[in-house]
Structure formats: C-alpha cells, structure tokens
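Student: Build me a model:
(one chain, ligands or ions: 1)
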Amino acid sequence: MKRRKLLSASAVGVAALTGCASDATGRDPARAAFSVARPMLPVVGTSEMFPIRRIYCIGRNYAAHAREMGHDPDREPPFFFTKPADAIVICADPANPTKVAYPSATKNLHHEMELVVALKSGGTDIPVDKALDHVFGYAVGLDMTRRDLQNQAKDMGRPWDMGKGFDQSAPIGEIFPASKIGHPAKGTIQLDVNGKTRQKSDLNALIWSVPETISYLSGLVALAAGDLIYTGTPDGVAAVVKGDTLAGFVDGCGTVTCTLV
Ligand code: MN
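Tutor: This is a model prediction of the structure:
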C-alpha cells in the first residue's frame, strides 16, 4: 500500500510506469536533445513490432540447473536480475544465423536457453490467476552469461550486472502472439551448439510457472507493457567460443539462431 502511494505521488514515477517521456520541470519532452532508438522485436505473422521496455530474468528456475550450479532447488524462492533493453539481438532466421559479437572481458561465455514472456500490460501485486491476461506473446531467447565475471561477483558479494547485462547478451527470436499460440505450459526447450544438443528439457519442468513468475515479480516491481521476462534455463549450460553456432527452439514459440564472431 505504502509503495502504491509513493508511486502515485511522484510525477516522475508515474511517467516511468506509463512509459511517457516527461519530467517534473514542465519542459516539452519533444525537445529531447537527441533521439535514442527503442529496441523492438518483430511479431510473427504481422508487420508490427513489439517495443521493449525492460528485460527481467529469473535465476535457477529448472531444478536440474539449480543443482548443476550447486544449489538446492526446493528451498529457494525465485530471484531476479535485469538486462538493458538494448542487450537484445534479433536472431530469428534459422537458415541465416545472426552474427553476435563474442564479448570482451571473459574467457568463459556460457549459453542459457530460455522461454521469454512478452507483456502487453502489467501492474503491481498481480494475482496468479490473472497473470496470463497481461501476456502479449512468447519468444525464444539466450541469456548469454560471462560466467567468470558472474562467479567472481558471487564470490565477492558484488552485483551480477557485468556478468549478465553486457552488450548483445540477449539474442532472441520473433514474438509469437498468445492470441495465435495460447500459453504454453509444456513442450520441448532445446539448444544445439554446432549441431550437438547441449540443453534439452520441457517447459513443464519450470519450478515457478509463467503465471507464478509474473505474479511474484509484480510484487517486487511494477510490470508494464513492453517488459520481457526470461524464464530460466534448463541444465547443460556450458562455454561457447568464437565460430560456434547456437540454435535453439521451444515448441510452438520459434527459434533463436546465432553465430559468435
Ligand atoms: Mn538465465
């Protein structure tokens, strides 16, 4: 309750929630000193683009992956981190892998294959049984991770941002509207590297389902149209190097295909 009052009392807060460019000074937002591109994703079967507001990612949401990272999946509530919206790279053509730059400052770049949820609306404290009403559609994405920087941050009690939120850290396919495909709760999620399967599981192995994830996250932050939520990765995460081609899919939700250069 307190949080709601705080947000509604703040013009800047409200502007941030609605995505409006505005400020408390009364200046004309059309007079921005320069323009900044808003990252967008193509929507399958339409000429529309999905504008991206924020990217949230959930950690350790498949039991087998939590175990491979040395954690007990049964005792942990969900936790989240973020990536910048412009970390996305559109990698939607399996016949023509998009070139993605191998990032600086790492010797241990890992793939994490994930189902991505795209929101058309949001709010705070969304009940689980209303959560899917806010979903625009689904995509398939890679949560690329500089594992050495992430592990160093974990060891030192520092933030994960530079391990997770670097340039081009979020290769992703097109958005498949829920109006066409529904809300997948099961189906294969798989990633092949250079033709060999590295990660394979089923969406029904998610510890926190999509509605539960949306509901829980909306208790931490106000969700809104344009938000993407990476829903976590199955076990099998491992290093990739320059020249590797990563090809992933989730049944009914498209593909993500890229080559590291
Ligand atoms: Mn992840």
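
Student: of all of the stretch 1-150 of the chain, which residue lies closest to the ion?
Tutor: residue 143 (3.5 Å; CB to the ion). Where you see a C-beta, it was placed from the backbone N, CA and C, and this is true even at glycine.

Student: Pull the number of nearby residues for that residue.
Tutor: 27 (other CB atoms under 10 Å).

Student: now swap in residue 187 and tell me
Tutor: The number of residues near residue 187, taken as other CB under 10 Å, comes to 14.

Student: and the gap between it and the ion?
Tutor: Distance from residue 187 to the ion, counting by CB to the ion, to the nearest Å: 18 Å.

Student: same deal with residue 228?
Tutor: Counting by CB to the ion, the gap from residue 228 to the ion is 12 Å.

Student: same deal with residue 237?
Tutor: From residue 237 to the ion the distance is 8 Å (CB to the ion).

Student: you'd agree that residue is in a helix?
Tutor: No - judged by DSSP: H, G, I helix; E, B strand; the rest coil, residue 237 forms no part of a helix; its state is coil.

Student: centroid residue for the protein?
Tutor: residue 230 (3.1 Å; CA atoms, centre = their mean).

Student: any idea how far the closest residue to the residue of the stretch 1-150 of the chain closest to the ion other than its chain neighbours lies from residue 28?
Tutor: Spatial nearest neighbour of residue 143, chain neighbours left out: residue 112 (4.0 Å); criterion: CB to CB, 6 or more residues apart in numbering. Using CB to CB, to the nearest Å, one obtains 42 Å as the distance from residue 112 to residue 28.

Student: The closest residue to the ion within the stretch 151-261 of the chain - how many residues pack around it?
Tutor: When distances are taken as CB to the ion, the stretch 151-261 of the chain reaches nearest to the ion at residue 233, 4.6 Å away. Residue 233 has 29 neighbouring residues, counting by other CB under 10 Å.
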